[in-house]
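> Dropping the sequence and predicted coords here.
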Amino acid sequence: MLTIFSGGSVGKEGPGAQIGAGAASWLSDMLKFSEEYRRKLVICGISAGFASVFGTPIAATIMAVELFGLEIAHYAALSAVISFLITGHRSVFASQILAMKKSEILEVKVGEVIEHAEVDLEESKIGRIRNIRERIRRRREKFRQKRAGKPLSRKEK
C-alpha cells in the first residue's frame, strides 16, 4: 500500500495488472475454464491491464514474455492491443505525448500532451457509427431467430 500511495513505479503499474488479473480470474471462474486456460487468461489480463494503464501494448507484451515465457506472446499481444485500443486517448502519465490516432473516426491532434488532448467526433462519423450499430442489431436479431427455430424471411437471408 505504501508504494501505491507514494506514486512509485509499482504504485502505478501494480493496480492495473492486479485489476486485469482479477477480472480475468473472475471470467475464467464464470466460464469454468481448466487450470491451463485460466493461467493463460490471467496472464492476458495482466498484459491488458498494463497496456490500458500506460498506453503501451508493445511494452506490455514484452513484459508478459519476460515473466511467463515465449509461448504466451501471441495471447498477451492480442489482449494488450485490444485493451490499448479500447481505452481511448488516456494514460496514467498526463505528460505522455500522443504519437498516433487510435481510430480514423476520432479527430485528435497528434504530438500533443495527453492531458491537453481534446478528442472530437465529426457528425458524419457519428452517422457511420449509427449505421454499424444498426447492422449489428440486425445480425443479432437474425441470430436470435435462427436459434429460436423461426424461419427467416427472404429479405433477412
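Happy to help now that I have it. Remember, it's a predicted structure, so these values are computed and weren't measured experimentally.

> can you map out the strands along the chain?
Along the chain, the stretches classed as strands by DSSP state E are 106-107, 120-121.

> residues near A23, how many?
15 (other Cβ atoms under 10 Å). Any C-beta I mention is one placed from the backbone N, CA and C, and that applies to glycine too.

> just M30 next, same as before
M30: 8 neighbours (other Cβ under 10 Å).

> Check the one 3 residues further on too.
Around F33 there are 17 other residues, counting by other Cβ under 10 Å.

> Identify the residues contacting it.
L41 (Cβ atoms under 8 Å, 6 or more residues apart in numbering).

> Look up how far A24 lies from it.
10 Å (Cβ to Cβ, to the nearest Å).

> what sits in contact with each of the two?
With Cβ under 8 Å, 6+ apart as the test, F33 and A24 both reach L41.

> quick one: low-confidence ranges for this structure?
1-12, 88-91, 93-108, 112, 114-124, 150-157 (pLDDT under 70).

> In it, which helix is the longest?
Secondary structure of the chain per DSSP state H: the longest helix is helix 123-148.

> tell me which residues of that one are tucked away?
Going by neighbour count (16 or more other Cβ atoms under 10 Å), nothing in helix 123-148 comes out as buried.
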